[in-house]
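Visitor: What shape does this take:
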Amino acid sequence: MQTTLKSPAVFDGIGLHSGVSVRMVVRPAGPGHGIWFHRTDIEIGDARIPALWHRVDRTPLCTRLENDHGTTVSTVEHIMAALAGCGIHNAEIEIDGPEVPILDGSAAPFMRGLMRRGVRKQDAALWAIEILTPVHVTQPDGARASLLPSDQLEISFSIDFSDAAIGRQTKTLDMRNGAFARELCDSRTFCRQADVDLMHENGLALGGTLENAVVVDGKDVLSPGGFRHDDEAVRHKMLDALGDLALAGAPILGRYEGVRAGHSLTNILLRALFETPGAFRMVLCDAEMAERLPGQGLVWAEIPEVA
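Guide: Numbers count the residues shown, from 1 in each chain. Down below sits the predicted model:
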């Protein structure tokens, strides 16, 4: 069945790129509502934006949504990953600024905040997107992403960075039975010091700190405490992928493969999926099928505690 929250969850913080303080309230919503953002700081024009793939304004450093009136909300990937990881299908997200708070740079604080409020089943059937044929997209630099047939959601990702602190990392996960909570949700966004300097020069990452992002410089990890996992970087890329895939508008039954992929490429992949005849079908989830989705089997104790 479809689900929503039992009561609102509140998150306060700053935007990673804007540096602007923001309050975000994730509220319950009725069956069939989906996920919507509502900019409460905008009084004129349309302040609501659906969390859907065709509303993505392709920005390389985060995922930004925009409605027909030019209202935007950015860095939505972590809250979207948390909603998918909790198996929440319907929510109204009120936000009083242009960017979702970064919190600690991972999805774990969102996961704990949502699960603290509880998930409520609704009297409405859940549909899923079943991948029927492979869909591939590539970029000139060799980055690529694919969706392949599978009877559950799987994510496989490979990265390759010149900085020795990251290097080459590969990981594959079956996302059933709370795997997102156990394996991925506490992995933080990361960047190189040289990239931080460039972003600052261009008015970006104004809210970034060594506490809400893992910053590396060659072989050195500059953030206190270092990595939470030896392969935290690739885990975070998988977290981002889940959040970006959640913009499909329904859970996906298929295998996602990313090689040095980013937000833009995953969105291009979704656009290719929906533009390819016969590449998918919508299926009504029965109890057995629902067990293959990320939010099933989630146990509160498996969500990592973060500072």
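
Visitor: drop to CA atoms for contacts and neighbour counts, all remaining ones
Guide: Will do.

Visitor: Output stretch 119-127 as CSV - backbone C-alpha positions only.
Guide: Extracted as CSV, the C-alpha positions of stretch 119-127 are listed here (Å, rounded to 0.1, in the frame of the first residue of the first chain):
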residue,chain,number,x,y,z
VAL,A,119,5.0,5.8,8.7
ARG,A,120,1.3,5.2,8.2
LYS,A,121,-0.1,2.9,5.6
GLN,A,122,-2.9,4.3,3.4
ASP,A,123,-5.9,2.8,1.7
ALA,A,124,-4.5,3.0,-1.8
ALA,A,125,-2.6,0.6,-3.9
LEU,A,126,1.1,1.1,-4.8
TRP,A,127,2.4,1.0,-8.4
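
Visitor: quick one, strands of the stretch 101-250 of the chain?
Guide: Read by DSSP state E, counting those that start in this stretch, the stretch 101-250 of the chain holds these strands, from start to end of the chain: 119-121, 127-131, 135-138, 144-148, 154-160, 168-174, 190-192, 214-217, 220-221.

Visitor: Please report the number of neighbouring residues for the residue nearest to S106 when sequence neighbours are not counted.
Guide: Nearest-residue entry for S106: R188, 4.3 Å, with adjacent residues in sequence omitted and distances by C-alpha to C-alpha, 6 or more residues apart in numbering. The burial count assigned to R188 is 30, neighbours taken as other C-alpha atoms under 10 Å.

Visitor: that older thread, out of the strands of the stretch 101-250 of the chain, nearest to L16?
Guide: For the strands of the stretch 101-250 of the chain, proximity to L16 was assessed by C-alpha to C-alpha; strand 190-192 is nearest, at 11.7 Å.

Visitor: Tell me the buried residues in that closest one?
Guide: Applying a neighbour-count criterion of 16 or more other C-alpha atoms under 10 Å, one finds F190, R192 buried in strand 190-192.

Visitor: Within its sheet, name the partner strands of it and how each one runs.
Guide: Using DSSP bridges, the strands paired with strand 190-192 in its sheet are strand 214-217 (parallel).

Visitor: mind saving the C-alpha coords of the partner strand as CSV?
Guide: Taking only C-alpha atoms (Å, rounded to 0.1, in the frame of the first residue of the first chain), the coordinates of strand 214-217 have been written out as CSV:
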residue,chain,number,x,y,z
VAL,A,214,34.1,15.4,3.6
VAL,A,215,36.9,17.4,2.0
VAL,A,216,40.0,15.7,0.7
ASP,A,217,43.3,17.1,-0.6
